[in-house]
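Undergrad: take a look and give me a structure for this.
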Amino acid sequence: MITLRNSQDRGHADHGWLKSQHSFSFAGYYDPAHMGWGSLRVINEDRIAPDTGFGTHGHRDMEIVSYVVSGALAHKDNMGNGTIIPPGDVQRMSAGRGVTHSEFNGAPGQTTHFFQIWLLPRENGLPPGYEQKTYADADKRGRLRLVASPDGADGSLTLHADAALYAGLIDGDESATLILDPARKAYVHLIRGSLEVNGHALRGGDAALLARESGLVLSGGNDAEVLVFDLAP
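TA: Have a look, this model is predicted:
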């Protein structure tokens with residue numbers, strides 16, 4: 001079963017310095033029909049204006065992944081991490097039993113466009129943690145590159161969650177496939193371009209929610225950048 005969600009059906013928030021689109025209920029956006037999908041709880045597409053950002057705030061008991069599309073994200077936390085996250089880098093922060101951090105636009109004169117992703121941890125009260133890695137476009141071209149997984153396989157980030165995250169770039173005759181366990185769920189979010197997911201057409205910002213499917217085929221891409229999640233049900 002495949003359910004499509006159009007980009008315009010997402011929640012929207014405009015704070016001036018921050019423009020955000022919410023795939024699932026978050027902050028002032030509440031939709032009981034969209035509270036998450038499997039172990040995936042939040043996908044926010046955020047655009048931060050120059051010289052602004054999120055001041056120091058706290059999280060707990062959540063796996064938080066940041067995926068930067070353009071610009072750069074400046075991260076600082078109470079674990080002693082102070083980093084810049086450029087496009088191509090993926091960051092994982094385990095909030096665990098409690099962490100505080102800030103995120104600011106780290107690209108002078110540019111809007112920073114990134115995705116903030118929350119996944120439910122396999123258990124609460126874990127120690128906080130941080131990890132950041134670079135994944136070149138060449139590694140994502142015409143395929144799904146594993147960027148986060150429970151066991152850190154294939155050089156991916158280590159998630160303390162029953163979920164795997166893939167990133168891909170699909171264009172022209174390129175295609176990518178993924179075997180799925182029908183007992184699990186999957187989620188496809190198209191960042192930009194256009195793409196077919198098991199024959200269903202998506203445009204930038206659209207998503208496909210999959211249940212009881214045994215496989216995923218991505219094809220017919222036109223400058224497509226895509227995130228794919230393999231999720232606990």
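
Undergrad: give the contact list for the residue sitting nearest the centre point of the chain.
TA: The centre of the chain sits closest to residue 117, judged by C-alpha atoms, centre = their mean, with a distance of 4.4 Å. Shown in contact with residue 117 (C-beta atoms under 8 Å, 6 or more residues apart in numbering): 40, 42, 43, 44, 64, 65, 66, 67, 165, 227. (Each C-beta comes from the backbone N, C-alpha and C, glycine too.)

Undergrad: just put those in JSON lines and tack on secondary structure and pLDDT.
TA: Below are those laid out as JSON lines (DSSP: H, G, I helix; E, B strand; the rest coil; pLDDT from 0 to 100):
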{"residue": "40", "secondary structure": "strand", "pLDDT": "98"}
{"residue": "42", "secondary structure": "strand", "pLDDT": "98"}
{"residue": "43", "secondary structure": "strand", "pLDDT": "98"}
{"residue": "44", "secondary structure": "strand", "pLDDT": "98"}
{"residue": "64", "secondary structure": "strand", "pLDDT": "97"}
{"residue": "65", "secondary structure": "strand", "pLDDT": "98"}
{"residue": "66", "secondary structure": "strand", "pLDDT": "97"}
{"residue": "67", "secondary structure": "strand", "pLDDT": "98"}
{"residue": "165", "secondary structure": "strand", "pLDDT": "98"}
{"residue": "227", "secondary structure": "strand", "pLDDT": "98"}
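
Undergrad: before we move on, the earlier item: is the residue nearest to the centre of the chain in a helix, a strand, or coil?
TA: Per DSSP: H, G, I helix; E, B strand; the rest coil, the local secondary structure of residue 117 is strand.

Undergrad: state the pLDDT value of it.
TA: Residue 117 is assigned a predicted lDDT (pLDDT) of 98.

Undergrad: next: the one 5 residues further on.
TA: In this prediction, residue 122 carries a pLDDT score of 95.
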